[in-house]
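>>> Below is the sequence, then the predicted model.
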Amino acid sequence: IEIEEFPAQIAQVALWLTDHQMNQQVSAEFGQYYARLPLTTAPSIVHGNALTMDWRALIDPERLSFILGNPPFVGSKMMSAGQRDELLALVPPGTQGAGVLDYVTGWYLKAAELIKPHQGQAVAATREK
């Protein structure tokens, strides 16, 4: 899910190019030309706001092996009113300190909700400096 349209299109093209490169590698390894042209399937890059979309409507959690993302880090003092509303809509009512959470917390809440019923979940995260 990408909030900006242009980066979503770039990501889709990058996935097509990677698919083409892998097809070339398969062709070289097996000595037979392999091409998936014309392109009949498209990478699943969705243009929209990840915090306001229902992730389950996009993919069945049972089909997931991982969730990968580069969510936005926006400190509580830097958020727009709209961003604050999006975040607070995800935070359980009465959560102490909800007003000082970073915007990225919303992405983690959505990801945790999606993987909650599954075993073996983990999160690897970096922090922006």
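That came in fine, so what should we check first? Numbering: from 1, shown residues only.
>>> only C-alpha atoms for contact and neighbour calcs from this point on.
OK.
>>> Now do the contacts for residue 16.
42-43 (C-alpha atoms under 8 Å, 6 or more residues apart in numbering).
>>> which SS state does it fall under?
Secondary structure, DSSP: H, G, I helix; E, B strand; the rest coil: residue 16 is helix.
>>> OK, contacts around the residue positioned nearest the centre of the chain?
Centroid-nearest residue in the chain, with C-alpha atoms, centre = their mean: residue 69, separated by 4.3 Å. Counting by C-alpha under 8 Å, 6+ apart, residue 69 touches no other residue.
>>> How much space separates it from residue 84?
As judged by C-alpha to C-alpha, to the nearest Å, residue 69 and residue 84 stand 20 Å apart.
>>> what do you get for residue 64?
29 Å.
>>> What does the nearest residue to residue 104 once chain neighbours are set aside show for phi and psi?
Closest residue in space to residue 104, ignoring its immediate chain neighbours: residue 73 at 5.1 Å, by C-alpha to C-alpha, 6 or more residues apart in numbering. Backbone geometry at residue 73, expressed as degrees, to the nearest 10, gives phi -100, psi 110.
>>> and what of residue 2?
phi -130, psi 130.
>>> Surely it and residue 51 touch.
No. With contact defined as C-alpha atoms under 8 Å, residue 2 and residue 51 do not form a contacting pair (10.6 Å).
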